[in-house]
Each structure stands twice: as structure tokens, then as C-alpha cells.
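>>> model the structure of this input:
(chains A, B, C and D)
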Amino acid sequence: MGEEFEPKILVFACNWCSYAGADLAGVSRIQYPPNIRIIRVMCSGRVDPLYVLKAFEYGADGVLVTGCHPGDCHYIDGNLKAEDRIRFLKESLKHIGIEPERLRLEWISASEGDKFARVVREMVETVKKLGPNPLKKEG
Amino acid sequence: MSVGSALVIGGGIAGIQAALDLADRGIKVYLVEKSPSIGGRMAQLDKTFPTMDCSICILAPKMNECARHPNIELLTWSEVLSVEGEAGNFTVRILKKPRYVREDLCTGCGICTEKCPKKVPSEFEMGLGMRKAIYMPFPQAVPRVSVIDEENCLYFQKGVCRVCEKFCPAGAIDFEQKPQEIELKVGAIIVATGLVQADPSIESEYGYGRYKNVIASLELERLLSASGPTGGELKRPSDGKHPKRIGFIQCVASRSLKENGYPYCSSVCCMYATKEAMIIMEHDPEAEIYIFYIDLRAFGKGFQEFVNRAKERGVHYIRAKPSKVIEDPETKDLIIRYEDINDKKVKEVRLDLVVLCAALVPTPENKKLAEILGIEVDEYGFFKPLHPLYAPVDSTRPGIFICGYCQGPKDIPESVAQASGAAARAAEIIAKKVVAG
Amino acid sequence: MTEEELRIGVFICHCGINIGGVVRVPEVVEYAKTLPGVVYAADNLYTCSAAGLDAIKKAIKEHRLNRVVVASCTPRTHEPLFRKTCEEAGLNKYLFEMANIREHCSWVHMDDPDRATEKAKDIVRMAVAKARLLEPLDDIEIEVRPEALVIGAGPAGMTAALSLANQGFHVYLVEKEPEVGGMLRKLNRLYPTDRKADELLQQLSNAVYQNSNIEVFTSTKIVDVSGFIGNFEVLVRKDGEERKLEVGTIIVATGAEPLKPTGLYGYGELEGVITQIELEERLKEGRLGTPKAVVMIQCVGSRIPERPYCSRICCATAIKNAILIKQASPQTQVYILYRDLQAYGKEYEEYYRRAQELGVRFISYTLEKPPEVSRGDGGLKVKVYHAVLGRELTLPADLVVLSTPLIPPETNEELSKLLKVPLDRNGFFLEAHVKLRPVDFATDGIYVCGTAHSPKDVPDSIAQAYAAASRASIPMANRRVVAEGIVAEVNKDRCIGCALCVDLCPFKASRIGEDGKAEVIKVLCKGCGVCAASCPQRAITMKNFTDSQILAQVEAAFKG
Amino acid sequence: METGTRAVDKLTKLLSKSRPEHCYQCGKCTSGCPAALHTEFRPRDILIMAQLGMTEELLKSKLIWMCITCFTCLDVCPRDVEPTEFMITLRNLAALRGIIPTVYRGEGSAILETGLAFRIPESRVKMRERYGLPPLPRVDAEPVRRLLKSVDFDKLIQRGEKK
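Numbering: from 1, shown residues only, chains lettered A, B, ... in the order given. All right, here's what the predicted structure looks like:
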């Protein structure tokens, strides 16, 4: 039985909201698949498009950027800047042969532990259907 | 003039919070705690509701902050002897009982405890685990210093042994230590003496003390705790087996008009029973848990959602108080009868373990302490607020404030908030003195 | 950074069984030892305990560690503690990184220990990768004005203002209504002592108006809030005229209001169906009359899926008013239909017994079979299925009183955006930590108390108000607060002065200096890093979250 | 024996002496009640109906006669309510109204005739002889009868009897 494809997904989480949401999912013992690895940033606005491209280059099958709901951002509107960048980045991903669905932006608040787990589950399912990262260096 | 200092009596979460708030704003605080370590009841809990945070994980940082804070002087293993003076200028005499271990030398390595031959039931473990005659109440104790219990130490009782002295690498054992009387001048006093659990055998029909598998809820906390006597493994006292069917009985000696009962509601039992049920189901998802209640009281922030989650997980909430617990002599299982109001039938359920949520009462020493402080206490041992409506944290004597469970039944968040409140009231007294010059 | 030899120490926590029960901690310790730069790795039962902290300090000294990684729980609660420990061992506290293997690993993969252990190793590897590139930073001191803003002049707001004033701080008390008092204006008597609400209102408002340290603003709205702890600038407006208040701390005491139960149990259609607040007004103005029977229904619009919380005070309010009715006209039959009677604590249990002794009749119902209110002959009729008796009863009633929950006012949405503080799922303000910091917000310098935090009675609101006053007094008493050294820094050579960062920065912490290059005002920079991610020249370094540090984590995530 | 309203008032006052209003329906009485185990008698329901003023229905109900007065409920009640006293007083009030289950009328008349609530069947007298047990003492029913008649007990047990 060939090993079923288990996608590797990188998550950028902002310290004040989505990272706290991920903490709440833990505190509430909401189980979700272990395919994600979380990098904490102070604000989703800190996520440089370079990080996303590098993630795909290093072999990520999916990248999930999470931040505060509009208006909740601890730094006023860092999340809105992230939104513009991700929308723009999705376009350019197409040109290098990466399906835009592999990159996703989601607003998750400090009290939405269940939403964090749900988004992770959805992301794992979507990327499973898409299959491994086409850029993956052979060998 | 020691105007800028305060005394906090009681080293539980309320005393710790009050001390930290005052110290953070530059006021010198003397924190007096009668047991060898601060931490109070919360240190005995495994997890806390409604967030299921591991209790010691959120308490230890505050305990360590207390120990390290330049403005806080910890006086553990000590009691208040007398209080004179008035708001802004109290003179307090403290008795520091001898630890027979030098706090300045002991590194808390625990070798003395390892070598000590004398075993004694541990009060921290509610008697379910043992401790030595020289001990630290629990692994995360603050200060991390052993203490010798005179009544059980072979040297003090029979003049033999002194093994701890031989093995102590820091040479910290000192059998000649004498009780010390310390005099302090403080501007305000905050009382936070917390609670103890009443003896569940007050309602003797539930068989506590007669049936092995009937335990008190605070004992269950110790059994569930990773640093507890069973390392967090829930074992039945009678045969050490993992209980599959557990029953919680609420309001034991609480909401009772009987002469040895307590007419008030302890406010936290419905919630901690739910929490303990959730912890048990984390250990064993197949466990079947029944909570026998009168009114399910989940009135705090996030509490109702927590109970709803427990119901989804399959905890059975049964609106009936059993009249008695019957023990099956061979298997030591327990049988409970109750009327199921859904079909009005009287049913029986066979359980492996019964947990009694007995009333939580203010520490018995409150009555004596009230005399020393010159403040009023009610017939159950709660300190009386100056005015229950608009001066809830003032005692009946100016300059002395009360917070936490000793002021009335409440949970940890309310105790922490009230402790900060008492700190503000104390700061008003101290600031006024300083500002007024 | 000088080429000193990297000596990283990794400390992996069992956290009792919270981590150790799922993740094979010893295996992770061995793995950590294989990572480049790691010279020491160990585990302990509780890293945050005094023993754990001492172990870290001892290891730093003995193994001359110059980087520390702790793999345990979330940095949001424990990073300050571990950073202080490193500092006490003589190590710059920013040379420290946490790996969250509890909330983000063991607690969410409880039934898959193998993959949880593998994930824990990855998380530790990522933390070590970042730790290698950490640089020492030093904190910044911010001056704190000894003035406070209290928003909302109900019992909580007035108490907080009085306490701060008595501690010698100047307080601006801003109230959107024309008069102070909040809910006290609408209430008749207050349990547990049955004291007249007006008396307490008078007592508090006199004290507030007579206190020279308190400036009261009524009919005043908060228009804008900027700045941060120590230096908030709050724009308030009254009758079109604006004024800027400069304060060090802010206390939110905006209260809550009772739900209007339109459409429930005939409220608004059937005459004689009123709410507890309307009953309070009738009792206050002596307009109760002598009804033959009054039926009160609890949990109207609360403890239901759409509004799951229990509003805590409705049972005690119902009992209070039932007692007042019985005292005023003993022959009136008073029923209280409840699901779970929340007469908690000491006073309310006595209150409940007094009501029983006065003949108030308590009937329990369940959510599945709620009571029905309809027109009866000469008044109303309430049908209720008695949950314990297992029978339907029909109760004649001249008055049906609905106990509705306290809900957050609409202004919460707007205020939460102005102050940048979150709301919880039910719309009340979300505190930093329900147990550890019940009256603080995650944002420094802003505090909450009273029913703005969650429904509670007057005594609890007052106790929480004192708590908020105590918390706010700490930074103001010290006149300074230490801000983290995590700020942005411009590399003058690469910067081309395009000023993109100046436009983007929400805190106006970036400006163009005389040399035509951008520069960061350290005190204003809050460390979000938006400028660094936008700079076309990659000229801005976001300390502690530099590009190289984050990219090292990205790479470590996929290089097993 | 007063059978008029004064008796009713006295008994009604007796009802309140057992403080039914303190009951908060915890069900401890019902869980331990032996009668509840085998019949549909529920002491908790009786107290609830009392609290709701449904005394009329209680007096006419046969439930109140099922209590075997074992006092378990009275021992365990956390609110110091006395359900057993309450049942006994309700029965007396019912009796005054002539509502008496026939089995109790039978017991009443048996006491009047033989001084014993349960007549001793012949088979039992023979069984005692067979085992050589001494014969049962002869009960002189006369003083019992005179005492009961002086309080009109004989009239009471016939009250409301359907001839």
C-alpha cells in the first residue's frame, strides 16, 4: 500500500489573534491533522512575499497565512496590507506553475480555536487533492 | 516611617496577586503564609476551568515572580501574633516558626528528603501520598527550601537519626533553630486566607471514610495531577484499577440546613466537577461519568459553553441528589439510586468510583485571626465586608482589607480580581499617607 | 554579530503529562543534541517551576550557553518568565526562543503520538534555526503620564475613578449619557442588601463630583484614540466641541444593557408581559398595584444556542423583586419559572430561602419544553411543563415578567476598533487571560471592569473596578514602563528615501531624516514589521523577526 | 374528637410545621424511599404539589397512603423538611373528609373489635402449637375500644363509607 500523500503546510500566524486562536484550539483539545508547521510573526503584515516563494522552493505543498479580522489588528491595519500582498502573490504563483489554491489567507481571532482547526483541515484536504508541490526538486 | 509598606496574610493565588500588584507599584510587601510554601489550594489542582489550563503552569510563574520580586519579602511557615495601631500605621508581630533548615543555604536539592527514613501522610496529597519528616510540600514549592516536621522527626521525638544533616551538601540543616518573633510596621493589611474542603462524612449516608472508593473531590484532583501520588493515573483506592464509571455527587454538606451542614452554595463545585469529568475523559475517552446535581450553576464567563462541551463529550448530568451510597462488599463497587425525572422511574447505577463535592469552607483559623486583627467574621468563618454592596473588599476595620474565598465563596478569576481590588484599596491608604506627607 | 562560537541550550518540558503524555520527550532531547550549534539539551517535568528555572540558569553558567531554546507551551504566556530567567543568568533576554510543543502539538494530536513526536522535533529544529541568528537587544523606557481615562460612569467606572483619584492620579471620567450612574439610574433596589439604587448612585456621584482629581465629562463621545501605554491621545467630543486628553492608561467600564425580548413569550404583543427592568421601574414608582398573580420566566433569550452564556444576575434579580412584591402585597401569588436557579454564594442562597419562606413558588422547566404565555380570562395564562413533577400546569397571571440577559451595547464594536482591543464571541470585551489577568487587555495600558467584561452584579462590578484601578496604578505609579527592544532599524546605505515606509507605518514611527533617508523613532515603533516587508530595497531590518531569522525557520520546516 | 373546622385548622398548621416550602426538589427523599422503588409514590412530588398549593388534589389522591412512614426521607433531607410528618398529617386531614382507603377502614374496625390491627388467623395459632410455642396472650380489646370510642374513632372510620 503506497504511503498516502501527506502534504506539508507552512502556517504564518500573528501573535495577537491567529496564533492565540491556535493556542485556544490546543487549550480546547480540538484535534486536527499534524501536517502544519507554525511560524509566529508579530503581524500578518510582516509576511514578506519572499517568505512564501521560498517556502514553495523548499518544498512546502501549501502555505497558510493567518491574521486578525479587519479592525482587530493590534497594529491598526497590518492585516489589510497582507491581504493586498497575498492577492497579488496568487497571480504571480500561476506564472511559476503553482496552483493559487496552495496559498490561502484566513482571518482567525483569539477566540476562534475551532475555526483555526477547521481551516487547517480544509487546507490539508485541498492540498491533498492538488498533490505534491510541482516545484519539488527531484532527488 | 514604614508608611509605604503592606502586610498580606495568606499565600494562595489571592494573596500572591495582591502582593504582586502592590509590589509592582513600588510598595514593600510582607507576605505571610502559615504553610512551608506559598501556592495555596490552587497548587493542589490539576487543571482549572473553563480553559483547562494546567493549574501549576499558570500559578508557578506568579509564585516565582513573588519569590524574585525585590519588593516582596516571603515569610512562610509563619503566623500573625498581634496587630496594633490604625490605618496607615499598624505594628504587627509575626511568629516565624523554625524550619530547622537555613533558607539562605538550602538549594532545594531534595537529598535530605530522599534519605529521611520517616514517612508520614502528606497533607498536600490529602493523605493519599506520603511525605518524609523533612520535606517540601510539592515539587514546585516556593521557597524551594525543606522544612522539618517536629512531631514526626525521629531526632525531635526520640533524639536519634539526624540523617538529613549528614547528607545535606549545603550544610543547611540546623536543629538549634529557634522560633523568631518579627515586628513589622505596615500601612495596610490584606487578608487572603482561602479555603479548606469540609469533611464529606458530615453527610454520612454517602459512606466517605467507610467505603474505600468514595473520595472527596480535592483528593481526586491529587489523583489526576501528574505530580500527584499516582503520577496522574486515576486508580481506584480499593484495587488500583482504572475506574470506568464515575459518579459525582454535588452539594455534599452544602446548601444544607442541617446543624453540621453549610447553608450557602460554594459556587465552584458544579464547574470543577465538570472540569474533573473532562480530565477523566481525556485520560479515558470510554469513561462514563454521572454528575448528580440540584441546580447546575455555571454562571461565570465561558462557563455555560464549557458545560455544553462536557455534555457533547457525553457527561451525564442527572438532576437528582442520591439519598445514599451502597457498597457491594466483594467488588467494592458502589450503587446509587436516583429518580430519573425524564421517566419518573427510580433507577440504580453501579459505579467504580464516587466523588463527593463537599462544601468549601473558610480556613478554621479565621475566627482566631479575626480576634487578632480586630475584624468581624460570620458564623461560617467568612470575614464580613464593611458593606457587601459598595465596599466588598473592606473589612470592618479601616486599613484592613479582605479578598478571595475568605470573603465569600468564589472561583479563581474572581479571587484574582478581588485581590487586585484589595491592593487598590490598600494603595489608597498608603498613597494618601505618602501624598499627604 | 561577532563570530563568537554558537553554544545553544535546548530545554524540553514534559509539563506533567500535558506534553510528556503524547510526545516522547526523551527522544526529542536526543534529537535536539544532533542539531548544529546545540551544546546542551535536557528535559524536566515543569520547566516554568522554580526547579526548572534554576536548571536553565545553572546550565547557562556551566555550559557557557549564549542562546536558549525552551520547548514547552505558548510564548504568549511564558516568554516573559523565561526571558527574565535568562537575564538573571547574565544572558541578554532576546537571545531566547520558544518552541510551542503543547498547544500547537501534544494537545492537538493526542491520538497520534508518533507524528506528534516527529512534529515536536520539527518545531524544535525551527526554533533552534531562528535561535542561531538571534542578536542581543536592549529595552526602551517609555515615560508614563500619571493621568487615566475611565470610559463609562456606571458603578464600575465611578468606583475605578475614585480609587485612582484617591491614589493621587488625575482621572478623566467620560460618560456618553447626560448623567452619570449607568444601570443604577434604572434600578429600584440592589441585592443582597435591598439598598435603594438611588442612594448608592448619590453616594458615588457626590464622591466623584467632589473629588478634585476627577474631571467628569457627560454626553461625551470618544472620537479617536491614538498612541500607546503611557501616552494615549484621546479625542472626545461634546455638543460638537472637541478636546484632546493625554493619558497614561485607559479603563473600559462601558457596562451592558438588558436584552429587549421582542417576539418572545408575547412581549410587545400581549399586554401585561414586561421585563424585569420594567418591573423595577414600576416598583420604584410604586406603580405595581395589587396583582393577583405574577409569573416570572428565567433564561429568556439566554443559555440558548444563539446566546449560550448565563447572564448570572437574572435569578437573584427575580428573587429580589419577588420578595419585594410579596412584602408589598402578601396575597399576590408569585411564581418563578427557572431552568437552573443561579442563587450562588452565601447571600443569594439566604435570599432564595427567604423567598421560599414568603411563599414564592419555584417551578423548574427545561429548554426543550419552554413555558407558553397566552391570553387567559381576565389577564394572562402561562402553561408550563414542570420538569420534576412531569406534569403540565396552567398558571393564571396578571403580570408575566421576563428575565432577560445583559447584552453588550452596540458601542462595543466601535470602541473595540478605536482601542484595538478584541471582543469575545458574545460581544463582551475579551480580557488578556481569564484567570491570570482577568481585568487586563492583551494591549498594555488598557483595562476592563464591570459588565463590559461580562454580566455581573453591582458588588462584583465594584470589586472588579478596584482591580482595574490597581492594575492601571502600576505603570502610573512607576511613571515609566519598559517597552521591548523589538523595533525596526533602517540600513541607511540601502535606503533610497522613497518614504513608502513612512506612509505605511500606522504609528508614525518612521520619518525621513535630514540625510533624506528613512529613520525609525524607537519609542513609537511597536514592532509589527509591516515596513520591513514592504521596503522595495530590503533596507529595513525588523529586529527579533529579521528576514534571515524567519527564512531560517522556513527552511528548517522542510529540511528534516 | 373535634372533627369540625378547628381540627382542620390545627392540622393545616401542623402541615406547615414540617416546612415544605424549604424543599428545593433535590430528590434525596425519593432516591431513598422504599415505597418509591415499588410504586409510583414520589415524596418529592408530594412536596412540590404542596408548595404549589395543590393540597386538594393531594387529599383525594391515593398516593399519600403509600408512604410506609420509615422516616428515611426525614433523616436525609438537607433542608430539614419532614416529609413523613407531612404525609401523616395529610392522611388525618383526608380522614376527616371521609377519604380513607378501604384497607385502612378494615384495619380500624379490626382494632376496634380485637384490639389488634391484624386479626390472628387460625392457621397461625395451630402453627404455634405445632412448634410447641406458648399460646399468644389474650388481648382484652375492651379498654382499647372504650378509648377509641371516646374520641369518635369508630365514627371516623365509617365517615364517607359507601354503604
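>>> alpha carbons only for contacts and neighbour counts from here, please
Will do.
>>> who in the stretch 251-400 of chain B is up against chain C?
Neighbours of chain C within the stretch 251-400 of chain B, by CA under 8 Å from any CA of the partner chain: B:255, B:263-267, B:295-305, B:341-342, B:344, B:388-393.
>>> out of those, which are inside helices?
Secondary structure of these is defined by DSSP state H; positions in helices are B:303-305.
>>> rewinding a little: from the residues of the stretch 251-400 of chain B next to chain C, keep the buried residues only.
Buried residues within those, defined by neighbour count using 16 or more other CA atoms under 10 Å in any protein chain shown: B:255, B:263-267, B:295-305, B:341, B:344, B:388-393.
>>> hmm, back to that, looking at the ones in helices among the residues of the stretch 251-400 of chain B next to chain C, which is nearest B:Pro285?
B:Pro285 lies nearest to B:Glu305 out of those, by CA to CA, at 19.9 Å.
>>> touching, the closest one and C:Glu306? I think so.
No: with the criterion set as CA atoms under 8 Å, B:Glu305 and C:Glu306 do not qualify as a contacting pair; they are 11.5 Å apart.
>>> helix, strand, or coil at B:Leu31?
When the structure is reduced to helix, strand and coil (DSSP: H, G, I helix; E, B strand; the rest coil), B:Leu31 reads as strand.
>>> do you know how far it is from B:Glu84?
Distance, B:Leu31 to B:Glu84, by CA to CA, to the nearest Å: 18 Å.
>>> same check on C:Val252?
According to CA to CA, C:Val252 stands 39 Å off from B:Glu84.
>>> between those two, which has more neighbouring residues?
Looking at C:Val252 and B:Glu84 with other CA atoms under 10 Å in any protein chain shown, you find the greater number of neighbours at C:Val252, namely 28 against 14.
>>> tell me the contacts of the more buried one?
Taking CA atoms under 8 Å, 6 or more residues apart in numbering or on different chains as the contact definition, C:Val252 lies against C:150-152, C:157, C:446-449, C:452.
>>> one more pass at 7 Å, please.
C:Val252 makes contacts with C:150-152, C:447-449, as judged by CA atoms under 7 Å, 6 or more residues apart in numbering or on different chains.
>>> pLDDT score for the closest residue to B:Lys344 other than its chain neighbours?
Closest residue to B:Lys344 apart from its sequence neighbours, by CA to CA, 6 or more residues apart in numbering or on different chains: C:Gly390 at 7.4 Å. Here the pLDDT value assigned to C:Gly390 is 92.
>>> neighbours of C:Gly390, just the number please.
C:Gly390: 14 surrounding residues under other CA under 10 Å.
>>> so which residues of the stretch 301-437 of chain B form strands?
Ranges of strands within the stretch 301-437 of chain B are B:316-318, B:325-327, B:334-340, B:345-351, B:353-358, B:360-362, B:400-402, based on DSSP state E, counting those that start in this stretch.
>>> how about low-confidence regions in chain A?
Along chain A, the model assigns pLDDT under 70 to residues A:1-3, A:71, A:137-139.
>>> just the helices in it please.
With helices called from DSSP H, chain A shows them at A:18-27, A:49-57, A:78-95, A:113-130.
>>> separation between B:Ile16 and B:Met136?
Note on B:Ile16: its distance to B:Met136, by CA to CA, is 19 Å.
>>> and the two? Which one has more around it.
The residue with more neighbours, out of B:Ile16 and B:Met136 and counting by other CA under 10 Å, is B:Ile16; that gives 28 against 23.
>>> right, is the helix or strand in which the more buried one is found up against chain C?
Assigned by DSSP states H and E, B:Ile16 belongs to helix B:13-24. Yes: between helix B:13-24 and chain C, judged by CA under 7 Å from any CA of the partner chain, the touching residues are B:21, B:24.
>>> run through the residues of chain C sitting next to chain D.
Counting by CA under 7 Å from any CA, the positions of chain C adjacent to chain D are C:353, C:356-357, C:361, C:389.
>>> what's the following helix or strand after the worst-scoring helix or strand of chain D on mean pLDDT?
One helix or strand of chain D scores below all others by mean pLDDT, DSSP states H and E: helix D:5-17, with a mean of 82. Using DSSP H and E, the helix or strand that directly follows helix D:5-17 along the chain is helix D:28-32.
>>> show me where chain B has helices.
Ranges of helices in chain B, per DSSP H, are B:13-24, B:55-68, B:111-115, B:154-158, B:163-167, B:217-224, B:269-283, B:303-312, B:366-373, B:412-436.
>>> most tightly packed of these?
With neighbours defined by mean count of other CA atoms under 10 Å in any protein chain shown, none of these is more surrounded on average than helix B:13-24, at a mean of 28.
>>> where are the low-confidence patches of chain B?
The model of chain B has pLDDT under 70 over residues B:1-3, B:433-437.
>>> name all residues that make contact with D:Phe86.
The neighbours of D:Phe86, taking CA under 7 Å, 6+ apart as the test, are D:15, D:18.
>>> export stretch B:358-367 to PDB, keeping only CA atoms.
These are the backbone C-alpha positions of stretch B:358-367, laid out as PDB (Å, rounded to 0.1, in the frame of the first residue of the first chain):
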ATOM      1  CA  ALA B 358     -18.100  18.600  49.700                       C
ATOM      2  CA  ALA B 359     -18.700  22.200  50.800                       C
ATOM      3  CA  LEU B 360     -15.700  24.500  50.700                       C
ATOM      4  CA  VAL B 361     -15.300  26.400  54.000                       C
ATOM      5  CA  PRO B 362     -13.000  29.300  55.100                       C
ATOM      6  CA  THR B 363      -9.900  28.100  56.900                       C
ATOM      7  CA  PRO B 364     -10.800  27.300  60.600                       C
ATOM      8  CA  GLU B 365      -8.100  29.700  61.900                       C
ATOM      9  CA  ASN B 366     -10.100  32.700  60.600                       C
ATOM     10  CA  LYS B 367     -12.000  33.000  63.900                       C
END
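>>> buried stuff in it?
Burial within stretch B:358-367, assessed by neighbour count using 16+ other CA under 10 Å, is assigned to B:358-363, B:366-367.
>>> check those residues and tell me the two furthest apart.
Pairwise distances across the buried residues of stretch B:358-367 (CA to CA) peak at 21.2 Å, for the pair B:Ala358 and B:Lys367.
>>> dihedrals phi and psi, C:Asn44?
The phi and psi torsions at C:Asn44 (degrees, to the nearest 10) take the values phi -150, psi 160.
>>> I'd say it and C:Cys13 touch.
Yes: at 5.3 Å, C:Asn44 and C:Cys13 qualify as touching, with contact defined as CA atoms under 7 Å.
>>> so which of those two has more stuff around it?
Here C:Asn44 and C:Cys13 are set side by side on neighbour count (other CA under 10 Å), and the busier one is C:Cys13, at 27 against 19.
>>> residues touching that one, list them.
So, once contact is read as CA under 7 Å, 6+ apart, C:Cys13 ends up touching C:43-47, C:71-72.
>>> so which of those residues comes closest to chain B?
Of all the contacts of C:Cys13, the one with the least separation from chain B (CA to the nearest CA) is C:Tyr46, at 7.8 Å.
>>> give me the distance between the closest residue to the closest one other than its chain neighbours and chain D.
Counting by CA to CA, 6+ apart, the nearest residue to C:Tyr46 once its immediate chain neighbours are dropped is C:Cys15, at 5.0 Å. The gap separating C:Cys15 from chain D is 40 Å, by CA to the nearest CA, to the nearest Å.
>>> same thing with B:Gly127?
The gap separating B:Gly127 from chain D is 28 Å, by CA to the nearest CA.
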